[in-house]
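Participant: coordinates only, sequence not included:
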């Protein structure tokens, strides 16, 4: 998944964010954005100790895979339909130039609105699934942190 050339761009990020303005390495590897989905690949360290942490990592990977797959499909569909719209508009105008620079912002906004209207149900299903996964992730994280608090009090 990661090439040697791209590995130079990989960042190590700490779960506790940026302490003192510096990222501390914990176990997330974040690569360069995918050229189609524009989503950065994330590799997580596999925890060796806790079933809850393993489930958390698996859930994070599932969330990332769902996000990547949806946006890859949407972006491909968007570009195909946009090129078709541009070609149709240019044909309607009697022009052979298929560059989008020949279309006005109003003409492109018509395409954009049409695309959003046509893909509304897909986007709604994606957002429902995304929110459900996020809530599940937050609850599992909360459960793990509460368990850590009580474990350290003993």
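Facilitator: Looks like it arrived, so ask away. From a predicted model like this one, the values you see are computed outputs, not experimental measurements.

Participant: can we go C-alpha only for contacts and neighbour counts from here?
Facilitator: Noted.

Participant: quick one, helices of the protein?
Facilitator: In the chain, the helices defined using DSSP state H lie at 4-7, 51-93, 105-118, 120-153.

Participant: how about the third one: buried residues?
Facilitator: Across helix 105-118, burial judged by 16 or more other C-alpha atoms under 10 Å covers 108, 111.

Participant: now do stretch 136-150: everything it contacts.
Facilitator: 52, 53, 56, 59, 60 (C-alpha atoms under 8 Å, 6 or more residues apart in numbering).

Participant: mind checking how far it is from the chain centre?
Facilitator: When distances are taken as C-alpha atoms, centre = their mean, to the nearest Å, stretch 136-150 is centred 24 Å away from the chain's centroid.

Participant: if we can go back for a sec, among the contacts of stretch 136-150, find the lowest-pLDDT one for me.
Facilitator: Among the contacts of stretch 136-150, residue 52 has the lowest pLDDT, at 80.

Participant: neighbours around residue 67, how many?
Facilitator: For residue 67, the count of nearby residues is 17 (other C-alpha atoms under 10 Å).

Participant: quick one on the thing from earlier: now, of the helices of the chain, which is deepest in the fold?
Facilitator: helix 51-93 (a mean of 15; mean count of other C-alpha atoms under 10 Å).

Participant: which secondary structure elements does that one sit against?
Facilitator: strand 42-44, helix 105-118, helix 120-153 (3 or more C-alpha pairs under 8 Å, 6 or more residues apart in numbering; DSSP states H and E).
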